[in-house]
Every structure is written in structure tokens, then in C-alpha cells.
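> Have a look; sequence and predicted model below, questions after that.
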Amino acid sequence: MLRLRRLCAVLLLLGFAACGATQRGGGERGTPSRPVAQFPERARVTQVVEAGPPPALGPLLPRGELHVDRWEMQATPAPGDAPYEPEGPFEPLLDAAAAQRGVSITRSASLRCVAEEMARFYAANEALPTERLSRHLLAACGTNAIAVGRAGSRGELDPRATPEMLVREAGDSLRDALAPVLIDGAQVGLGFAREGANVSLMVVVAEPSIRFEAPEPPDAAGDVVVRGQLLGRADGILALVNQGPHGVARCRVSPTVGLPSFELRCPLAEGDDTAIAHVATFSLGRVLTRHVGTVLLRRSAETPAPPYAPQPVGEPAPITSPEAAPATFVERLNAVRAAAGLAPVELAPAQTRVEQTVAPHLLGALLQDQQDAQDTLALGLMAGWEVEGGTIRWADIVGHTVVGNRDVAWWLSDALEQPGSRYVLLRDDIRQVAIGATPVADPEALGLVVSTYAFFEDADFEAAATRFFDRVTEARTAAGLPPPRRLGGLERVWHEARTVSAGRSHANAAFQRALNAESQAQGRSLQGVMLETVDLDLGDLPEVVMARRELSLGVAVGFTRAPGAAWGQYVVFLVFPAS
């Protein structure tokens, strides 16, 4: 399969720890919170790293690929995986190759578009396109696949010869060239190209994990509605979309559409004619997300895909030793962040030393699809056990290997092209990064693992409370319930939330004191629910906010760090009148 496996927008998808309370006497100090986010201990990460030397990345990387600065598509896009009718002298060879392998195949018009472009590239360059160009072709052609197998043949042909003559003279060898990548039940596309005397026949094979319907044009709010169906099991779905040269936004997932079907509303930024959106899934028991689909959003159905013309981030910055990468990477990343109006990040020196040790093991686990090792190492780095200077509120990680050079400028350019990686590197709230580098000589390549960290000390808790209230409003509206009325005048509730953030009280005791004090001040009985979470935007909402037809709701937010926890976690006080 053509796919350099990568970590992109690795998000912790964790639910809420919640408890309910009503007005009652008390004020005891209470028991400490328990960690919501669970991470491997340092010793577990060390155990994986010391189990053996990291694999040599060179033999795991693709060969025979060629970087080009620009590529203009000529094939016709065909969004979705609608079948096409086989025409021309080469299609019977595909059927013969499938029969030879004893497999059943389904033709896909979007994969035919990809195959035609890859055949044209192969005929012109006697090499295959890089993963980056292949990614572009998959999105531009409208296929639902993010990983493909490819095989084919290239040679010279007398300009006077016809494709039919080629089949008569070399049909058996062409059939044999197509057969190795065919998989039972897979979708396929066949492409033929002629560039002067050079000809190429290429088959592209895929097993998509998702099926998209053709996206609709943006609505009045600028949102593109994307509907589809997951083809595998998952417990949840999320999506990110690029906005402009530096921005990225979450797509809203419709709460009224149940998996495996889904409906996303992705905001297309003003001025963007097209934008890449990534869809990922998560499963209970596995914290890391899985990238399952990429879709090219268009201003209208007639909007053409942009040409492939990648640019490095700044002047070339080749890396020959791992130690040289972190400072160069931070310099280049901060230049991009400055252009985007974002605050600079600093290197976390102790965590970077850990990252340098772990990076070759993690990159090897990615290339070999060793999921247990991926989880342990990635989560161990996200834990940030050696990060100093604050209470970690959130961490993300991105890691992959770019083939073709050992240039930080190209690695960063490649990463920022992808919504997931852009989300990790250009979040406005991250303040520290840790970097591990693995340069490869043969084939020339650069692998980087980058962890980013945000801190509670920088958080705006009033804005966080508003965001949570808005989320409740959206969920109730989608369920046909009236929006909640927001309770004001919660000075005593906010005071207790701040005592938790300052480490002067455990959350459950502070919550009970807040209810007692606010009830006395308002002269009425109040109830509440306390939540502890690492993400205010994810996890199921408490049942009580959806159970009442009419709801008045107050929200206050703070944070705590449970004993032994790597991260802090939000503490959310929800207050409402007793029924």
C-alpha cells in the first residue's frame, strides 16, 4: 500500500467523570480527584524503547519515487466511488489479471482518474509520484480512499503503433504486471498514458474505510455539508478542515445522525475556493484516532482542483544529525506562527531529549503498523512527564517521514498541508514543543516526531464556560428542545472554582460549598453536576441538561491536577434550580 503512516491530530477522546449534588450541609475538604486522562508511566515507555534497537527506517520506506515542483491534472475527477463501464483494449487485461489471482474486483471512476494521472507521471518520468503528490491526486480525483496499491508497466512504443497492437504483442506481460496488487473485493481503476514514445499502464487498488456522498455547495453560513457512511466499526467520528493558508477548524458532527452514517458541517473560509478536510474515527479502548478519509471541499461543483505546487517553509534547511533538528524546526515553525498572528512556541529541552530517544522507535512502529507500540510511545510523549513550566491542559503529537530529502523546510510544508498536522502545530494555545528527528540517508528522507503542549495557566475560564454553555445550547436545539437560559450572579460558584484552580481545595468539596453558598445567597434550592474532563468539546453531556423541557443553567470552570496525573483536567460546575 502506498501510505507512509503518520500520526496527525492525535486527540485524546475521553468522556467526562461526573457527580451530582444538591444543596446540603458540609464543607469538608473531600477526597482528591482521579485522573481522567490515563497515560503510560515513564517506566513503560522505557521498557518499550529498551526492548531492542529501533528498526532501520530506510528499508521500510518506498523507493523509485520522484519529487516534482508542479503537476497539472488532466484526468476528469469523479467524486465518490461510482463504478465505470470498462472500455478500451486494456480493460480485459484487468479482468484476466483478476481471474489469474482468483479475486473479485469493482471498478471505480475516481480511482480510474488517479490511475490515469499516475500512468501519465510514470510515462513521463520513469518513476512513481511521491506520497505527497499521490495524496493530492486522491483528493482531487474524489476517491474515498486514503491508501492505495499501485502496479503497472512502462516501455517504449513506436508512435505509429496503437494500444490494440500493444495488447496483441504484450498482453500476457501486461496482465502479469497488473495482477500482484489486486485484492479480493477491492475497488480498482485502470489508466493508460502516452508521452511521446513512452507508454505506461497503471492499476490503482484501494479498500476504502469510508464512503462520502458528493459534498453540497456551502450554505448561507459558509458550511459545506458532508454526508457519508463508515465502512468499519467506530465509536465516534471527528473532522478538521483547512482554512486559508494557516487556519484549521473543526467540522460539526450532527448529533442526530447515528454511526455508521454521519453528517458533518465543515466551515469553508471566505476566499477559499477549495479546502481539504480530514475525517478520523475513534474507538473505545484505543485513545489514538484513526484517519479514515480525506475529502476536497469545493465552492461549487464546477470549481477545479488546484494544481499541485508545494513550497518549502523558508529557505532549505537540510538535517544531517538528529541534534540539529529541534532548534531549526522551532525557528521555522515560529515564522509560520508569526505570519498567522500566533504566539511563538518554546522548546521543552528535557522533553526533547526524551523525544529524540523515542522518535526512531515510534516512526518504525508507524511504518510497520505496530499499533500497541504506537499507542504506548505516542501517549508516553503526549503525557509530557518531563515538561516544565505549567500544568499541561492539552497535548497533541504529529509524526511522519518525508521521502526525497532531509529538509526541515519540506517536512514542515508537508505537515501544514494536512488539517490534522496543522491543528497540532498551529493551535493558538500551545506554548511548548518537543522534537525528535531521524534523518535517513538511503533513500534520502527525514522523520520527525513533534509533541505540542498547552497549559492551564494560560486558559480563559470564562470563555471556556461560555463555550460549554453554547455546546449545551446546540445539543438541545438539535434535539428539538428550547435553548437553556443562562443563570447569572454565580460569584460564589466562581470563587470556589478558583480555589480549586489555586490548589486550595479538592473539587468535590468546593462544589458542595458553592451550591450551599449560592443557594443561601439566592434564597432558593439549587442542584448541580460537577464534571471533570480534558476536553470541553467532547464526551457525552450529562443527562440532566437534556432531561428538562425548560432549563436554566449556570456554568463555572476551573482546573485541578489529580495526584499522580500527567495532565491537569477541567472542573466544570453546572448549577440549576431544583425542580
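Nice, I can see it.

> Quick check: which element contains the closest residue to residue 126 other than its chain neighbours?
Distances taken as CB to CB, 6 or more residues apart in numbering put residue 154 closest to residue 126, at 6.4 Å, once the chain neighbours are dropped. Where you see a C-beta, it was placed from the backbone N, CA and C, and this is true even at glycine. For residue 154, the element it lies in under DSSP states H and E is strand 149-156.

> what's the distance between residue 46 and residue 377?
11 Å (CB to CB, to the nearest Å).

> Those two: which is more packed in?
residue 377 (28 against 15; other CB atoms under 10 Å).

> low-confidence ranges in this structure?
1-30, 284-287 (pLDDT under 70).

> repeat that with 50
Within the chain, the stretches with pLDDT under 50 are 1-4, 8-18, 22-28.

> all helices of it, in order?
Applying DSSP state H to the chain gives helices spanning 42-49, 91-101, 109-125, 131-141, 163-178, 325-339, 349-367, 371-383, 408-416, 419-425, 461-478, 491-501, 507-522, 544-547.

> Using CSV, lay out those together with distance to residue 292.
Compiled in CSV, these are given as follows (distance: least, CB to CB, whole Å):
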stretch, distance to residue 292
helix 42-49, 26
helix 91-101, 26
helix 109-125, 16
helix 131-141, 13
helix 163-178, 27
helix 325-339, 27
helix 349-367, 16
helix 371-383, 15
helix 408-416, 19
helix 419-425, 12
helix 461-478, 24
helix 491-501, 37
helix 507-522, 36
helix 544-547, 29
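
> out of those, nearest to residue 537?
Of all the helices of the chain, it is helix 461-478 that lies closest to residue 537, at 6.6 Å by CB to CB.

> so which of the helices of the chain gets nearest residue 485?
In terms of CB to CB, the element of the helices of the chain nearest to residue 485 is helix 461-478, at 10.1 Å.

> Looking at this protein, which residue reaches furthest from the middle?
No residue in the chain sits farther from the centre than residue 160, which is 49.2 Å out by CA atoms, centre = their mean.

> Quick check: residue 454 vs residue 241, distance?
Residue 454 sits 21 Å away from residue 241, going by CB to CB.

> So for these two, which sits in the more crowded spot?
Using other CB under 10 Å as the criterion, residue 454 and residue 241 rank with residue 241 on top: 29 against 19.

> could you check the distance from the more buried one over to residue 145?
Note on residue 241: its distance to residue 145, by CB to CB, is 19 Å.

> what does residue 44 give?
In terms of CB to CB, residue 44 sits 35 Å off from residue 145.

> ok, the residue lying closest to residue 120 once chain neighbours are set aside - how many residues close by?
Spatial nearest neighbour of residue 120, excluding adjacent residues (CB to CB, 6+ apart): residue 193 at 3.9 Å. Neighbour count for residue 193, taken as other CB under 10 Å: 23.

> is it true that residue 193 touches residue 90?
No. If you go by CB atoms under 8 Å, residue 193 and residue 90 don't touch, sitting 11.2 Å apart.

> who touches both of the two?
Counting by CB atoms under 8 Å, 6 or more residues apart in numbering, residue 193 and residue 90 have no contacts in common.

> Would you quantify the distance from the closest residue to residue 68 other than its chain neighbours to residue 238?
Leaving aside its sequence neighbours, residue 68 sits nearest to residue 133 (CB to CB, 6+ apart; 6.9 Å). Applying CB to CB, the value for residue 133 to residue 238 is 27 Å.

> same deal with residue 455?
Distance from residue 455 to residue 238, by CB to CB: 23 Å.

> Now do residue 413 against residue 332, distance only.
Distance of residue 413 to residue 332, given as CB to CB: 9 Å.

> Give the residues shared as contacts by these two.
residue 313.

> Would you mark the buried spots in stretch 293-304?
293, 294, 295, 296, 297, 298 (16 or more other CB atoms under 10 Å).

> Show me the contact partners of it.
Here stretch 293-304 makes contact (CB under 8 Å, 6+ apart) with 135, 138-140, 142, 144, 146, 208-210, 212, 214-215, 217-218, 224, 226, 228, 241, 266, 268, 272-279, 305.

> ok, of those, which come out buried?
The buried subset of these (16+ other CB under 10 Å) comprises 135, 138-140, 142, 144, 146, 208-210, 212, 215, 218, 224, 226, 228, 241, 266, 268, 272, 274-279, 305.

> show me what contacts the residue lying closest to residue 159 once chain neighbours are set aside?
Spatial nearest neighbour of residue 159, chain neighbours left out: residue 197 (6.3 Å); criterion: CB to CB, 6+ apart. Residues in contact with residue 197 (CB under 8 Å, 6+ apart) are 156, 157, 158, 159.

> Looking at those residues, state which has the most neighbours.
Greatest neighbour count in these, by other CB under 10 Å, goes to residue 157: 18 neighbours.

> Distance to residue 349 for the buried residues of stretch 293-304 - can I get that in CSV?
Formatted as CSV, those follow (distance: CB to CB, whole Å):
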residue, distance to residue 349
293, 38
294, 35
295, 40
296, 40
297, 40
298, 44
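
> Just those residues: which are in strands?
293, 294, 295, 296, 297, 298 (DSSP state E).

> just curious, which of these is nearest to residue 73?
So of these, ranked by how close each gets to residue 73 (CB to CB), first place is residue 296, at 11.7 Å.

> ok, now how distant is that closest one from residue 77?
8 Å.

> what's the answer for residue 417, then?
Computed as CB to CB, the residue 417 to residue 77 distance reads 19 Å.

> again with residue 36
44 Å.

> Neighbour count: the two, which is higher?
residue 36 (22 against 19).

> so what's the residue nearest to the more buried one when sequence neighbours are not counted up against?
Leaving aside its chain neighbours, residue 36 sits nearest to residue 569 (4.8 Å; criterion: CB to CB, 6+ apart). The contact partners of residue 569, taken as CB under 8 Å, 6+ apart, are 33, 35, 36, 37, 532, 533, 534, 559, 560, 561, 562.

> Let's have these in JSON lines, adding distance to residue 381.
Shown next, in JSON lines, are the contacts of residue 569 (distance: CB to CB, whole Å):
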{"residue": "33", "distance to residue 381": "24"}
{"residue": "35", "distance to residue 381": "17"}
{"residue": "36", "distance to residue 381": "19"}
{"residue": "37", "distance to residue 381": "14"}
{"residue": "532", "distance to residue 381": "23"}
{"residue": "533", "distance to residue 381": "22"}
{"residue": "534", "distance to residue 381": "16"}
{"residue": "559", "distance to residue 381": "22"}
{"residue": "560", "distance to residue 381": "23"}
{"residue": "561", "distance to residue 381": "19"}
{"residue": "562", "distance to residue 381": "20"}
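
> So which of these wins on neighbours?
Most surrounded of the contacts of residue 569: other CB under 10 Å gives residue 559, at 26 neighbours.

> if I look at it, how far off is residue 462?
Taking CB to CB, one finds residue 559 at 13 Å from residue 462.

> what do you get for residue 174?
Taking CB to CB, one finds residue 174 at 67 Å from residue 462.

> what's the answer for residue 481, then?
Counting by CB to CB, the gap from residue 481 to residue 462 is 25 Å.

> Compare those two (neighbour count), which wins?
residue 481 (18 against 12).

> dump the residue contacts of the more buried one.
Contacts of residue 481 (CB under 8 Å, 6+ apart): 546, 549, 551.

> Can you flag the buried ones in those residues?
By neighbour count, with 16+ other CB under 10 Å, these hold residue 551 as buried.

> from the contacts of residue 481, which single one is nearest residue 493?
residue 551 (16.7 Å).

> Run through the residues that contact that closest one.
Counted by CB under 8 Å, 6+ apart, residue 551 has contacts 476, 481, 482, 484, 485, 545, 576.

> Likewise for residue 353?
residue 386.
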